[in-house]
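Chemist: structure for this input, please:
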Amino acid sequence: MPASALASLLADVGVPTFTARDFRPGLVRHVVLFRYREEVGAQQKEEVLRRFRALAGSPRDGAPYVVSIEAGEQTSGEDAGGGFEHGVVVTFASEGDRNFYVGTPVVDDPAFFDAEHARFKDFVGPLLADVLVFDVVVPG
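Modeler: Next comes the predicted model:
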């Protein structure tokens, strides 16, 4: 869904509904690929993955809301990795949970997004040359 369509949906339903656990239930895979700046070393890259994996325990209303986080290095031999070094797949039980997780630039009200994820984005941003994010709603 293009960003403009997502923004329109948010405007139509409102932030509380858009980020509710039961908004559009069904598995959502949030795929994130990282290309690091040249000066970023191996230890920093491992710290990125460690911190990303730790987001699996982020609480929402006192309980974790992320179904799973799988992360690792690019290992494909197809020569189509575009220079991306790490990939992460975050699974959610609803689009509402995904929307709560993503936060800015989609949701601006801090009462309706994951502060831990926002801090992670602040940490990782300066280390990246590029990032690719692609969400897939799994047909059910």
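
Chemist: pLDDT score for the residue lying closest to Gly81 once chain neighbours are set aside?
Modeler: Once its chain neighbours are removed from consideration, Gly81 has its nearest residue in Gln74; the separation is 4.7 Å (CB to CB, 6 or more residues apart in numbering). Backbone N, C-alpha and C define where each C-beta goes, glycine included. Reading off the confidence values, Gln74 has pLDDT 95.

Chemist: what number of residues lie near Gln74?
Modeler: Burial of Gln74 is recorded as 14 neighbouring residues (other CB atoms under 10 Å).

Chemist: that one: what's it in contact with?
Modeler: Gln74 is in contact with Leu33, Gly81, Phe84, Glu85, His86, Gly87, counting by CB atoms under 8 Å, 6 or more residues apart in numbering.

Chemist: let me see the ranges of the strands in the protein.
Modeler: All strands of the chain, identified by DSSP state E, fall at 25-36, 59-60, 63-64, 66-73, 86-94, 128-137.
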